[in-house]
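**Q** one predicted model, sequence on top.
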Amino acid sequence: MSEPLLVRLGRIDRRWIFLAMALSIIVPMLLKVRFPEIPQPMARATFEAIERVPEGSRVLIAFDYDPASQGELQPMANAIVHHCASRGHKMVFMTLWPFGGPLAERTIDDILLAYHPGYKYGIDYAELGFQPGNEGVVKLMSTNIPKQFPTDKRGTPLAQVPLLADLADTTGFKLVVSISAGYPGAKEWVQYANGPAPEAFTFVSGTTGVQAAQLLPYYPAQMEGMLLAVKGAAEYETIVEEKYPPPQHPERIGDGRVRMGPQLVAHVLMIVLIVLGNLSMAAGRTRGGMR
Amino acid sequence: MNPTTPHAPKRPTYRLLWISIAVLFASVFAFRTAIAAQDPAADPASIRSSWEVLGVWVAAFLTLGIFSFLYKDNPLYKVCESLFVGTSAAYYMVNAFWTSLVPKLIAPLAPGFTKAYLLPDFIPSGEPWAALALALVPLALGVLLLCRLLPKAGWISVWTLAFIIGTTAGMRLTASIESDIMAQAAAASQPLYAVDPQTHSIDWATMLAGVVGVVGVLSVLTYFFFSVEHKGAVGATARLGIWFLMITFGASFGLTVMGRITLLSQRFEFLFKDWLGIL
């Protein structure tokens, strides 16, 4: 007696599933499928937390990720930098990840200087670069930044960089943003910088999907805003673009929304596969029981 | 079994794989060349330098090489995997040398040498002897740790490990108590009665979230309380805790799937946009 289709489905060559997953991403991507993004409370809280910081404040943006997480985190990094620049904030860039430096530089070139050409190095923005030490870097920064970073990324002593000359510790920032892919990242910023001085600065983060569950308990008490993976980035992009439309190349703060089209189709496929997989397993068990 | 017998397993030749790759890359090259000849402005590669174009082609080759594993294990995948491991290890080694060893150890030990040969921008410390003395501590600990490589003196490295474990535990203990226990307990202790500040009416959504949060924390904590047998009321609460844990794992899995799909999406974007130029 031949097996029912549902049972045979359970033994399908998994390469068909890979192909289906690839097509579920490629087809909507080529068809440029877009869906409207309705900003949810967490994306709104992130936006409002940055809005509440007085215009022209000194802010710290930590690029705590590497190219492996660029797909998820670069869209929110672009939007955050554009948002902060639109508010006239003075930005200090750093990273706890060795591969994060080039990503920060690219964001400065593609977003900050392209959208806001008036920004001058040393006055409106500066780069501290990378320092090894993981949470040790954050810990020391919370008490003595010049000791942790004697010079900026270009080798200039902090005292000679106008934006950094009077910077003593992390309380010198009104806002700290960690765009984080894991360890070290947002969790360490909460534990070692925000924990000892929760009222000193506003702290928001953007995170990968994998790390999100670990960081959710900190929101909103210890983390005023949080962007959850590419979905959070897409929602945040929508709010930022609505209030601060980019002067040129609007697609540069649209990657999150672009990736949500294939995301939705792939998720539907995943749900269908999970349902079919469970039905197939149940059918197999029932058939086995009948025998 | 004698390998010369007619029943010896045939070694796969992967001829089809190599031919497919060659045809694919030749087709893309022809396609891109045709586009560039038609309208140079329409070709994104035309505004790149030759090195950037080469980089895109190498990245596309490596991406497809890694994807080829989804069909089956093959030599191309092995090459790409080995390249990834090798370049990553080399990058981390070089990075550790220039960001840790040179500025944190060699510079305070030999500031003149460092400025002359390693870091021209290096600014020597105002207190060179203090910096030297401080650098001797990690130097000594590092040498002790390297003793692990010696068969008869490996036990000496335990001192350095003890130092690392002690300092790390000390640093993390205070941070965890402050941020993960005290602050989390305070965040969980919210009033169960909430009023909307704008409408002055009862905020049912916030109240429900507060109740769910408190019940979730207490039931999960009960599940991890193994000193009492999970029977009766304790057992029922623990089972509720398992439900909360399962929902958490499910949400975590869903978020992980979202992250992985985004990574795949970004790779396809690269192939179709930067390499093929059709997006």
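**A** Perfect, thanks for sending it. Numbers count the residues shown, from 1 in each chain, chains lettered A, B, ... in the order given.
**Q** pretty sure A:V92 is touching A:L128, no?
**A** Yes. Shown here, A:V92 and A:L128 form a contact pair, counting by Cβ atoms under 8 Å, at 6.2 Å. Every residue, glycine included, has its C-beta placed from N, CA and C.
**Q** overlap in contacts of the two?
**A** Contact with both A:V92 and A:L128 is made by residues A:L164, according to Cβ atoms under 8 Å, 6 or more residues apart in numbering or on different chains.
**Q** tell me which helix or strand the residue of the stretch 1-150 of chain B found nearest chain A sits in.
**A** The shortest separation between the stretch 1-150 of chain B and chain A is 3.4 Å, found at B:D121 (distances taken as Cβ to the nearest Cβ). Here B:D121 is covered by no helix or strand, with elements defined by DSSP states H and E.
**Q** the nearest residue to it once chain neighbours are set aside - how many residues pack around it?
**A** With sequence-adjacent residues excluded and distances taken as Cβ to Cβ, 6 or more residues apart in numbering or on different chains, B:D121 is closest to A:G155, at 3.4 Å. For A:G155, the number of neighbouring residues by other Cβ atoms under 10 Å in any protein chain shown comes to 13.
**Q** helices and strands around the top helix by length along chain B, which ones?
**A** The helix of greatest length in chain B, counted in residues with DSSP state H as the criterion, is given as helix B:232-269. Using 3 or more Cβ pairs under 8 Å, 6 or more residues apart in numbering or on different chains; DSSP states H and E as the contact criterion, the elements in contact with helix B:232-269 are helix A:14-30, helix A:70-86, helix A:209-215, helix A:229-243, helix A:255-290, helix B:204-223.
**Q** could you check the angle that helix makes with helix A:255-290?
**A** Taking axes from the mean of the first three to the mean of the last three Cα atoms, to 10 degrees, one finds that helix B:232-269 is oriented at 120 degrees with respect to helix A:255-290.
**Q** what angle sits between helix B:232-269 and helix A:229-243?
**A** Relative orientation of helix B:232-269 versus helix A:229-243 (the same axes, to 10 degrees): 70 degrees.
**Q** burial of residue 26, as a residue count?
**A** With no chain named, the answer covers chain A. Other residues within reach of A:I26 by the criterion other Cβ under 10 Å amount to 17.
**Q** ah, I was thinking of chain B
**A** The tally of other residues near B:A26 (other Cβ under 10 Å) stands at 10.
**Q** do A:P54 as well
**A** 10.
**Q** doesn't it belong to a strand?
**A** No. With DSSP: H, G, I helix; E, B strand; the rest coil as the criterion, A:P54 is located in coil rather than a strand.
**Q** how close does the closest residue to it other than its chain neighbours sit to A:I50?
**A** Closest residue in space to A:P54, ignoring its immediate chain neighbours: A:K174 at 6.7 Å, by Cβ to Cβ, 6+ apart. Distance of A:K174 to A:I50, computed by Cβ to Cβ, to the nearest Å: 10 Å.
**Q** and those two? Which one has more around it.
**A** Relative neighbour count places A:I50 above the other of A:K174 and A:I50, with 24 against 18, counting by other Cβ under 10 Å.
**Q** the more buried one: which element?
**A** helix A:41-52.
**Q** quick one: distance of that helix to the chain centre.
**A** Using Cα atoms, centre = their mean, to the nearest Å, the distance from the centre of helix A:41-52 to the centre of the chain it belongs to is 14 Å.
**Q** same question for the following helix or strand past it, mean pLDDT?
**A** Scanning forward in sequence from helix A:41-52 by DSSP H and E, the next helix or strand is strand A:58-64. Strand A:58-64 shows an average pLDDT of 97 in the prediction.
**Q** can I get the CA coordinates of strand A:58-64 in CSV?
**A** Extracted in CSV, the C-alpha atoms of strand A:58-64 (Å, rounded to 0.1, in the frame of the first residue of the first chain):
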residue,chain,number,x,y,z
ARG,A,58,27.4,65.2,22.7
VAL,A,59,26.4,61.6,22.0
LEU,A,60,28.3,58.3,21.8
ILE,A,61,27.5,55.8,19.1
ALA,A,62,29.1,52.4,19.6
PHE,A,63,29.3,50.1,16.5
ASP,A,64,29.5,46.9,18.5
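**Q** show me what contacts A:L273?
**A** Contacts for A:L273 were tallied using Cβ under 8 Å, 6+ apart; they are A:17, A:20.
**Q** confidence score at residue 229?
**A** Let's take chain A. On pLDDT, A:A229 comes in at 93.
**Q** chain B was what I was after
**A** You'll see B:E229 listed with a pLDDT of 90.
**Q** give me every residue that touches the nearest residue to A:A200 once chain neighbours are set aside.
**A** Nearest in space to A:A200, with sequence neighbours left out and distances taken as Cβ to Cβ, 6+ apart, is A:T171 at 4.0 Å. A:T171 makes contact with A:197, A:200-201 under the criterion Cβ under 8 Å, 6+ apart.
**Q** since that was my last question, I'll sign off now.
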